[in-house]
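Q: Any chance you can model this:
(chains A and B)
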Protein chains: 2
Amino acid sequence: MPPPLQLSDLAGRTPEQPISHFMKLALENPGLISLAAGFVDEASLPSADYREAIDHLLARPQTARAALQYGTTQGHPPLREKPLARLAAADGLTPQAMGLTSDDVVITAGSQQLLYLLAEALLDPGDIVITEAPSYFVYHATLAARGVRVLGVPMDDEGLSTEALEQVLQRIDREGVLGRLKLIYTVDYFQNPSGLTLSRRRRERLMQLVREYSRLNRIIVLEDAAYRELRFEGDDLPSLKSLDTENQYVVYTSTFSKPSAPGIKTGYGILPRDLMAGVLRLKGNHDFGSSNFGQYIIERLLETGAYDRHVVELQAVYREKAHAVLTALAEEFREWPEVRWTHPTGGMYVWLKFPPSIETGPESPLQRACLREGVLYIPGEFCHVRPEDEPLPTSEARLCYGVVALDQIREGVRRLGRAVKPLIRPAQRSSKRAAAV
Amino acid sequence: MPPPLQLSDLAGRTPEQPISHFMKLALENPGLISLAAGFVDEASLPSADYREAIDHLLARPQTARAALQYGTTQGHPPLREKPLARLAAADGLTPQAMGLTSDDVVITAGSQQLLYLLAEALLDPGDIVITEAPSYFVYHATLAARGVRVLGVPMDDEGLSTEALEQVLQRIDREGVLGRLKLIYTVDYFQNPSGLTLSRRRRERLMQLVREYSRLNRIIVLEDAAYRELRFEGDDLPSLKSLDTENQYVVYTSTFSKPSAPGIKTGYGILPRDLMAGVLRLKGNHDFGSSNFGQYIIERLLETGAYDRHVVELQAVYREKAHAVLTALAEEFREWPEVRWTHPTGGMYVWLKFPPSIETGPESPLQRACLREGVLYIPGEFCHVRPEDEPLPTSEARLCYGVVALDQIREGVRRLGRAVKPLIRPAQRSSKRAAAV
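A: Numbers count the residues shown, from 1 in each chain, chains lettered A, B, ... in the order given. Coordinates of the predicted model:
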């Protein structure tokens, strides 16, 4: 017998994704209605567009050879132009006015790889990262692996609270560790998991605070705009990137996965210039460039307009699904005002808050009841980094209407209602109802 | 002005890829014949096969939706069966006899990502890695980034010298740091950059040594078989993996890029079971699964046999190109026995050795003369980690016949000859010729 294998410190710090267990549950129980998985709507996946784009590429020897050959680490140059033009258009600006060129864009294996590369490029053990609370749980594992201290900032209907952020900044300044604050992470459009969006005034305030507190070390804001294109109600809001007029503070990242097809696994980042070189050195070691074929396909879809036509269709799909979830929740919990939820105007997520007595964690009575009833949600505690001075919130849940079929939504929410209602204590009910009256 | 950006220790340790400069040269000088780029033959890229496979997938709603949706971190299960079956068949065994199942396979973004993940999973700063000298230079940057000590073991016509390996093992044992030796890296079929293959008896000896020296820590052998399927002469040799009968020591990695299409960026690893969990946790953070669409395409090509038919065609292409390079070198340097080179029986690389007075590095007189003549090679020193107790070899070069057109090979080698011959000193010539007579 050889000695047991010794893994690296990094591997030792890298936790199991808590969601793995749920994906397994869903696979093993095909009768379950999954309001858990963050997968996308399937009926609307643009397979005909893909077929046409790929036929076009592969029927021509020159593009076929270029697309099937190796590409470059930074990504296909014509594709790198596109996110820039789209970002500027969404913000009512030009790339020139934003001081950006395609040299500031890197194409990555989904936006997830950009998140990973940025953590690698910036973070050493003991550094500090600020996230929204709740926040995108997959990234928490990446941050844990880097051995950093993660501080959560609460959210309300306007997204991350800049008042609370300022308090956190003051606190770490007082503690003498402001120089260790490297990164503020925000999913500022229809956040995963809460569905909340950062308001316009808070965008401005956030950028003010970042400039003000970048005294010892430049604080990078990671603006994860993965869901921005999936707005189905209201007007777009300016990106944080558009407020970073000298391309110094904000990394803007998004993906072609959610608005087009996750299977193509192609995203991008727009980075401050002095960060790009380091990120490219790292990416050269990861894969020396993301799938070139995928990049050519996306470029073609963007070029022909098929991509944008599809996004409009998809917005309608999610508008309808969100409406179905919100209507079903309102019906199901009409008499239960102690159950509250967010009202997203884009993206794929609704965040639920139950009374504090209702635990939502794995193995909780609610989770077990939901499995019996045949519905899955994501426990809210997966989306929180354990706070340093408060208890972990344990009565929240993420619902995702991405992949669930429209005609299953009412039934899924009904099952959730059947599971949760018997667990809400009568005493609590009557007092709450009295308060509501 | 904000303070300058502070990058992580990891980013600080991650070097620029030396080859970037050469890729830029090639782009800027379209008249150059590149015997440098490790790109693949373009005329033979199987675009019709891809078109057919993709049409099949996208024409059917069920496969279209599955392929365009997210997949799993470990990879598409039917695809994971395939490398296993191929490995076992190549080694004259069955997966059962090798103690392997598809749970032991992970699909990655090319084999490069597997190399990166393995370095992350195993290596801490101060650990020791043994590589062949010369070795695959892209991996050197990954190893440098992990802060490890890299020891090179020289090669001859039978590949890595196991006698020299034993001496290195004895030395680090004497130094008291055997417990820090985590990894031995070998490209054991038609190595990049040398074109050399590890002989049968050395395969057995290597595995004996690994078992013998795994006293304090299990030493992992990373068998990079990226070129194995590109054999165009002679019989296949058993993999090191086939000699690792209990799936404990050898990580076998290969790619669908070189035998099929690099643009699809899909490779795989077959790992000891206690290493797989750590690698999957890391990969979950990188990208939670490689391009699902690419995986479905490759699976279809393997399933229909199109993949294997193409590999046979490609072997013929590289056989002809290798023959052209070797014939041209023999003609060009017939009167110059002081110039020597390897004779690959597969893959895409030939390794050249010039007399010690001929420096091949960037900015060397030879490199400048080659640019004037219009031909590019990779300086051999890029492929060496600086030895601890000997000078860095500086008179070697890698030639790649992957992407260069067949009818350009003779001219490319002629240009190389015109550049190098004036630099070989007459004195050296006459003494060498005397010795040769």
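
Q: list the contacts for the residue sitting nearest the centre point of chain A?
A: The residue lying closest to the centre of chain A (CA atoms, centre = their mean) is A:Asn192, at 4.5 Å. With contacts defined as CB atoms under 8 Å, 6 or more residues apart in numbering or on different chains, the neighbours of A:Asn192 are A:38, A:136, A:226-227, A:347-349, A:398. The C-beta positions use only the backbone N, C-alpha and C, and glycine is treated the same way.

Q: and if you look at A:Gly38?
A: Applying CB under 8 Å, 6+ apart to A:Gly38 gives the contacts A:192, A:348-349, A:400, A:402.

Q: could you redo the last one with a cut-off of 6 Å?
A: Counting by CB atoms under 6 Å, 6 or more residues apart in numbering or on different chains, A:Gly38 makes contact with A:Cys400.

Q: Low-confidence regions, chain A specifically.
A: Counting by pLDDT under 70, chain A shows low-confidence ranges at A:426-437.

Q: Might you name the residue of the stretch 301-437 of chain A sitting closest to chain B?
A: At 7.8 Å from chain B, A:Val403 is the closest residue in the stretch 301-437 of chain A, using CB to the nearest CB.

Q: going on from the lengthiest strand in chain A, what's the next piece of helix or strand?
A: Ranked by residue count, the top strand of chain A under DSSP state E comes out as strand A:149-156. Downstream of strand A:149-156, the next assigned helix or strand under DSSP states H and E is strand A:159-160.

Q: counting contacts, what elements does the helix or strand following that next one pack onto?
A: Moving toward the C-terminus from strand A:159-160, the next helix or strand (DSSP H and E) is helix A:162-174. If contacts are counted by 3 or more CB pairs under 6 Å, 6 or more residues apart in numbering or on different chains; DSSP states H and E, helix A:162-174 sits against strand A:149-156, helix A:200-213.

Q: what about 7 Å?
A: Secondary-structure packing of helix A:162-174 (3 or more CB pairs under 7 Å, 6 or more residues apart in numbering or on different chains; DSSP states H and E): strand A:128-133, strand A:149-156, helix A:200-213.

Q: what lines up beside the longest strand of chain A in the sheet?
A: Paired neighbours of strand A:149-156 in the sheet (DSSP bridges): strand A:128-133 (parallel), strand A:159-160 (antiparallel).

Q: And stretch A:348-360, end to end?
A: This stretch, stretch A:348-360, spans 20 Å end to end (CA to CA, to the nearest Å).

Q: buried set for that stretch?
A: Buried positions in stretch A:348-360, judged by neighbour count with 16 or more other CB atoms under 10 Å in any protein chain shown: A:348-355, A:358-360.

Q: Contacts for that stretch, please.
A: Residues from elsewhere that reach stretch A:348-360 (CB atoms under 7 Å, 6 or more residues apart in numbering or on different chains): A:38, A:190, A:192-195, A:318, A:325, A:338-342, A:344, A:366-367, A:379-380, A:394-402, A:420, A:423-425, A:428.

Q: rerun that using 6 Å as the cut-off
A: A:192-195, A:325, A:338-342, A:366, A:379-380, A:394-402, A:423, A:425, A:428.

Q: Please enumerate the strands of chain A.
A: Secondary structure of chain A (DSSP E): strands located at A:33-34, A:105-108, A:128-133, A:149-156, A:159-160, A:181-186, A:220-224, A:250-255, A:267-270, A:340-341, A:349-353, A:375-376, A:378-379, A:396-400.

Q: and those strands as JSON lines, adding distance to B:Pro83?
A: Below are the strands of chain A laid out as JSON lines (distance: least, CB to CB, whole Å):
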{"stretch": "strand A:33-34", "distance to B:Pro83": "30"}
{"stretch": "strand A:105-108", "distance to B:Pro83": "25"}
{"stretch": "strand A:128-133", "distance to B:Pro83": "38"}
{"stretch": "strand A:149-156", "distance to B:Pro83": "38"}
{"stretch": "strand A:159-160", "distance to B:Pro83": "45"}
{"stretch": "strand A:181-186", "distance to B:Pro83": "36"}
{"stretch": "strand A:220-224", "distance to B:Pro83": "34"}
{"stretch": "strand A:250-255", "distance to B:Pro83": "28"}
{"stretch": "strand A:267-270", "distance to B:Pro83": "27"}
{"stretch": "strand A:340-341", "distance to B:Pro83": "46"}
{"stretch": "strand A:349-353", "distance to B:Pro83": "37"}
{"stretch": "strand A:375-376", "distance to B:Pro83": "32"}
{"stretch": "strand A:378-379", "distance to B:Pro83": "33"}
{"stretch": "strand A:396-400", "distance to B:Pro83": "33"}
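
Q: A:Ala121 against B:Ala11, yeah?
A: Yes: the pair A:Ala121 and B:Ala11 qualifies as a contact (CB atoms under 6 Å) at a distance of 4.6 Å.

Q: so what's in contact with these two at the same time?
A: The contact sets of A:Ala121 and B:Ala11 overlap at A:Gly278 (CB under 6 Å, 6+ apart).

Q: out of those two, which sits in the busier spot?
A: Set A:Ala121 next to B:Ala11 and count neighbours by other CB atoms under 10 Å in any protein chain shown: A:Ala121 wins out with 27 against 22.

Q: residues touching the more buried one, list them.
A: Contact analysis of A:Ala121 by CB under 6 Å, 6+ apart lists A:278-279, B:7, B:11.
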